[in-house]
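K.L.:
show me the folded form of this:
(one chain, ligands or ions: 1)
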Amino acid sequence: MCGIVGCLGREDAQSVIVNGLKALEYRGYDSAGVAIHSGQKINRVRAEGKLINLQEKLTEQSLPGQLGIGHTRWATHGAPSEKNAHPHTVGGVSLVHNGIIENYAELRENLIAQGAQLNSDTDSELIAHLIHHEISKNKLDFIEALKVVTPRLRGAYALLVMSEDRPGEMLATTNGPPLVVGFSEDSFILASDLLAIVPYTKNIAYVTEYETVHFQENKYQFYDKNFTSFIKEPQQINWTDDLVEKAGYSHFMLKEIFEQPRSMAKSLEPHINVENQSIEIKSLEPHSEFLQNLEQVYIVACGTSYYSGLVGEYLFEKISKVSCKVDIASEFRYREPKLNPNSLVILISQSGETADTLAALRLAKKSGVKTMSICNVEHSSLDREADMQLYMNAGVEIGVASTKAFICSLSLLNLVSGFLAKKKGVLNIVDENHLVASLMATPSHMESVLTCDKFFAEAAEHLKKYKGFLYMGRGVNFPIALEGALKLKELAYMHAEGYPAGEMKHGPLALIDEEMAVVMIAPKDDLYEKTISNLETAKARGGQIISVGAVNDNKLKELSLNFLPLPEVDWNINPFLSVIPVQLLSFHVANALGHDVDQPRNLAKSVTVE
Ligand code: G6P
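P.N.:
Predicted structure coming up:
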């Protein structure tokens, strides 16, 4: 949610922190701040709004020192304002926090009763008060203070803490939200995400649940949940930092939409044997017997990942002949689900850090059910905790609205459903070869669909004037209708609904008039005739039809105000293609409206709070 960065042991601590915040800005961008220990005192600069506002302030007033912390905020408690921006400083204690403290009201009340002077509306400032209280009143050591304060916090936290009377020290702790340490020469860089660290070092260690690290000058010590010290060896990662450039595109999102064919190819690559046209998911082989006897699949995710799960439902039921149920993680975790013991829970998450999805994984594991993660971020919490892991291989996704990770989830869901079908003996070799060949041909079909970018770039000025958009599809294209509507809401802040086309007569038809655009996804599949009837019904009520369908479908073209052609492909390949026009529509309409497409208001890429 928020992004935190820390640096210890470098002359250029301020610039390392600000560069790190820039890389993490996708996590939160309503205010930012940095605090640096000069050796004598902690100096702090904070600014409301985007990071650029903080950078401007820092050009006038740079902060010298080798120890510092920084934060880019996505507001939970308290409005986005300078007073609520981190770092929060109480007495000599300064900290940055990513997460949310659920017993905020109770802690706040107690602190006020004790006479604490609160300077912000945040939950995070309360933690600084508690630590300060333990150090100043109860005379506890720095790390002892953290040890008694953290059990009093309910909710989620990753914290970096400095103290004015300890110029060479920093504490880092987390009870779940991501935290990574980079080790370079005699210095340490800490951050919520590797993106802030890789420009400086590839030598890293993850701080995982309930771990704490105490940095003192050029030494560090890891502590476990009980604050017993232990040794954690850094690992070398093979990332390159040029992954986070826009490469000539105006926006990360546009770049990521255009990267989709390549991302899809990369997601398939490790799991198919090109020569035999077969599916070979090596990491799942040890689970063959379990998969062969599997009776039920559950898919649990949030946002765009949830919609890829909805496509997965059709894939598992039609290809693997296994019952599949898809749940929104924030519902699943509180629904007391009765899980079939002979089932698999698949968690889909680009970031691998979404709090609700992670809680769902833990719930499934507690119920004794096997779990599989489909993540883009290797070593993320979901990836580490699941029993089986698959990677999207989408490459770094920066745009807050997920695009290429969606495509890669779809490609893995196709592969897993095919693999499961093989294990269950319901996919013969001819069908397997066909499935692999059609997946392998998809990236080039996607390239051809990307040419509709030009249409949306030109049509956006006109499209932005509609009062709303109704997206409709059937079968695997119903989740694409949902995804189209979500994207338009996220980016253009316009009213949009996604509906199964057959359900239109039960309500949404009342919305349709000349000011309403109807995006109809109507490929030539089993349900084509029915979809066309739905389209005629919408058109008869004045709906302005934008259709997405097979390239030679003249009937659809005639019925539509605008028609976006797609190559004719199998039913399970259609979503890879039909999602591209709806992504581009949202991108261009939002851009024409002058919105910040990569960082839409009120949203964050990685939602590590409930
Ligand atoms: C946020 C992002 C969405 C994303 C969702 C789930 O809401 O803005 O783009 O789909 O989180 O994220 P995940 O990382 O779990 O896929």
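
K.L.:
look up phi and psi at the residue lying closest to Gln40 once chain neighbours are set aside.
P.N.:
Using Cβ to Cβ, 6 or more residues apart in numbering and skipping the chain neighbours, the partner closest in space to Gln40 is Pro167 (7.6 Å). C-beta: built from backbone N, CA, C; applies to glycine. Here is the backbone geometry of Pro167 (degrees, to the nearest 10): phi -60, psi -20.

K.L.:
mind listing what Pro167 touches?
P.N.:
Pro167 makes contacts with His37, Gly39, Gln40, Leu67, as judged by Cβ atoms under 8 Å, 6 or more residues apart in numbering.

K.L.:
touching, Cys2 and Ser192? I think so.
P.N.:
Yes. With contact defined as Cβ atoms under 8 Å, Cys2 reaches Ser192; the gap is 7.5 Å.

K.L.:
so what sits against both of the two?
P.N.:
Common contacts of Cys2 and Ser192 (Cβ under 8 Å, 6+ apart): Arg27, Asn98.

K.L.:
separation between Phe252 and Asp598?
P.N.:
For Phe252, the distance to Asp598 (Cβ to Cβ, to the nearest Å) stands at 5 Å.

K.L.:
ok, Ala590 next?
P.N.:
Distance from Ala590 to Asp598, counting by Cβ to Cβ: 10 Å.

K.L.:
pLDDT weak spots in the stretch 351-500 of the chain?
P.N.:
Scanning the stretch 351-500 of the chain for pLDDT under 70 picks out no residues.

K.L.:
one more: the chain?
P.N.:
1, 239-245, 247-248, 608-610.

K.L.:
got a list of what the residue in the chain positioned nearest to the ligand touches?
P.N.:
In the chain, the residue that lies nearest the ligand is Gly303 (2.8 Å; Cβ to the nearest ligand atom). Applying Cβ under 8 Å, 6+ apart, we find Gly303 in contact with Thr354, Ser402, Leu486, Val607.

K.L.:
one more pass at 6 Å, please.
P.N.:
Contact partners of Gly303, counting by Cβ atoms under 6 Å, 6 or more residues apart in numbering, are absent.

K.L.:
ok, it to Gly70 distance?
P.N.:
Distance, Gly303 to Gly70, by Cβ to Cβ: 27 Å.

K.L.:
so His86 touches Val96, yeah?
P.N.:
Yes. Using Cβ atoms under 6 Å, His86 is in contact with Val96, at 4.5 Å.

K.L.:
rewinding a little: can I get the buried part of the contacts of Pro167 as one ChimeraX selection?
P.N.:
The ChimeraX selection below is limited to those of those classed as buried (16 or more other Cβ atoms under 10 Å):
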select :37,67
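
K.L.:
with just CA atoms, put stretch 151-164 into PDB.
P.N.:
The C-alpha trace of stretch 151-164 is given here as PDB (Å, rounded to 0.1, in the frame of the first residue of the first chain):
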ATOM      1  CA  PRO A 151       2.400  -7.100  20.500                       C
ATOM      2  CA  ARG A 152       0.100  -4.200  21.300                       C
ATOM      3  CA  LEU A 153      -0.500  -3.500  17.600                       C
ATOM      4  CA  ARG A 154      -3.400  -5.200  15.900                       C
ATOM      5  CA  GLY A 155      -3.500  -5.100  12.100                       C
ATOM      6  CA  ALA A 156      -0.600  -4.900   9.700                       C
ATOM      7  CA  TYR A 157       2.700  -3.200   9.900                       C
ATOM      8  CA  ALA A 158       6.100  -2.900   8.300                       C
ATOM      9  CA  LEU A 159       8.200  -0.300  10.200                       C
ATOM     10  CA  LEU A 160      11.500   1.400   9.900                       C
ATOM     11  CA  VAL A 161      12.500   3.300  13.100                       C
ATOM     12  CA  MET A 162      15.300   5.700  14.000                       C
ATOM     13  CA  SER A 163      16.100   7.400  17.300                       C
ATOM     14  CA  GLU A 164      17.800  10.800  17.600                       C
END
